[in-house]
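S.K.: Task: produce atomic coordinates for the following.
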Amino acid sequence: PPRRAGGPVGPGGSPPPSPPPCPPRRKPYVYHLWRAEVPDPLHRRWQWHVRLPLDVTAMREAARRFEGEHDFAAFKASGSPVRRTRRTLFRCRLEERGPLLRVVLEADGFLMHMARGIVGTLVEIGRGRWQPDRVDELLATGDRRLAGPTAPAHGLVLWRVDYGELNPPLPAWLDTVEGAD
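M.R.: Residues are numbered from 1 along each chain as shown. Below is the predicted model:
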């Protein structure tokens, strides 16, 4: 970055953000799926359009199997150098609002592509290609080839980063995700 008066300068002339004081305790992500024949023209850049009907009951059963502390090696990016692949997934829930299906994932940390790999696997289960117990096999073997495809990035939103007591106060409208608290 450019330097001015003895230090680096970020975009717009402001100093670059300082690193967080400690690792985050929790990180919730929300993934948006649009289940309809036609894409939502206003939100298509922020949702994965899935044309086929999905069995949400089977997806919910599979989602519960992800919760807890597991080795998520089957859900990391191929070629990732990360060696420690155990994570605790505190929450993996599905929320329906008409054709919109939101997958809420909250963990102590995520591997690269982990959230999108979980969503891709849930969609395969929702399409009836696999049974919910496929999740148990994936977590036991750690074999990425057995997992679903990585869901497109445009449906994924990092909702917030939880530093516990170090969190700045948030406005009430931003502090809640239905089903994520």
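
S.K.: contacts, neighbours, all on C-alpha from now
M.R.: Noted.

S.K.: which residue sits closest to Val161 in space, ignoring its chain neighbours?
M.R.: With C-alpha to C-alpha, 6 or more residues apart in numbering as the criterion, Val161 has its nearest non-adjacent residue at 4.9 Å, and that residue is Lys27.

S.K.: So that neighbour belongs to a helix, correct?
M.R.: No. Going by DSSP: H, G, I helix; E, B strand; the rest coil, the assignment for Lys27 is strand, not a helix.

S.K.: What's opposite it in the beta bridge?
M.R.: Taking DSSP bridges, one obtains Ala107 as the residues bridged to Lys27.

S.K.: In contact with it, which residues are there?
M.R.: Residues in contact with Lys27, defined by C-alpha atoms under 8 Å, 6 or more residues apart in numbering, are 106-109, 158-162.

S.K.: if you set the cut-off to 7 Å instead, what comes out?
M.R.: Under the criterion of C-alpha atoms under 7 Å, 6 or more residues apart in numbering, the contact partners of Lys27 comprise 106-109, 160-162.

S.K.: Lowest-scoring secondary structure element of the chain by mean pLDDT?
M.R.: Sorting the helices and strands of the chain by mean pLDDT, DSSP states H and E puts strand 3-4 at the bottom, at a mean of 47.
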